[in-house]
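Chemist: attaching a predicted model along with its sequence, questions to come.
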Amino acid sequence: MKNPENNPMDVTADAAAISDSSISLRRLQAFCDASGFDDSDVIMSHSIRSEDLSVKGTVDLVFGDILTLISACRNIEKDMIEFTDFHNECADENARLRGALDGALKEYVQLAASGDCGNWDPEEEPHVIKAREALKGGA
């Protein structure tokens, strides 16, 4: 740290500049992690009033935009987790319903084959054909 006159104020100012630089670099890294840009693609300018990023001269982002981007990424991640949970619930419900259909179909075909309710071929009935197609269709 430069302090030619041994003035403690200068040391504090230098330390603050180093601290600000460290924070700026962490913000830059967070932006790159969230956006997919490489840090070599980003030009960062820092002043007392603002911290701006420019990506290959085409996108100008201020720090508030970076926070918005990071927040949007977190929201997307949260939405993906909720979607995955919902998908898993649907898959479980699908398996439960397929099991119920399979059981009912077997009972119905067995009853029809017994002759206790008449004499017909249940395999020719449209609802039996559709049920078998649905069960073949996969999970």
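Modeler: Nice, thanks for sending it over.

Chemist: distance of residue 79 relative to residue 72?
Modeler: Separation of residue 79 from residue 72 (CB to CB, to the nearest Å): 10 Å. For glycine as for every other residue, the C-beta is placed from the backbone atoms N, C-alpha and C.

Chemist: if you could redo that for residue 120, that was the one I meant.
Modeler: 61 Å.

Chemist: who does the longest helix along the chain touch, helix- and strand-wise?
Modeler: With secondary structure taken from DSSP state H, the chain has its longest helix at helix 63-114. The helices and strands touching helix 63-114, judged by 3 or more CB pairs under 8 Å, 6 or more residues apart in numbering; DSSP states H and E, are helix 8-35, strand 51-55, helix 126-136.

Chemist: what angle sits between that helix and helix 126-136?
Modeler: Counting by axes from the mean of the first three to the mean of the last three CA atoms, to 10 degrees, helix 63-114 lies at 130 degrees to helix 126-136.

Chemist: for the chain, what are the low-confidence residue spans?
Modeler: Counting by pLDDT under 70, the chain shows low-confidence ranges at 1-21, 24, 42-66, 138-139.

Chemist: neighbours of residue 29, how many?
Modeler: If you count neighbours by other CB atoms under 10 Å, residue 29 ends up with 11.

Chemist: so how far is residue 67 from it?
Modeler: For residue 29, the distance to residue 67 (CB to CB) stands at 14 Å.

Chemist: could you do residue 99 as well?
Modeler: 48 Å.

Chemist: who's more crowded, these two?
Modeler: residue 67 (14 against 11).

Chemist: residue contacts, the more buried one?
Modeler: Contacts for residue 67 (CB atoms under 8 Å, 6 or more residues apart in numbering) come out as none.
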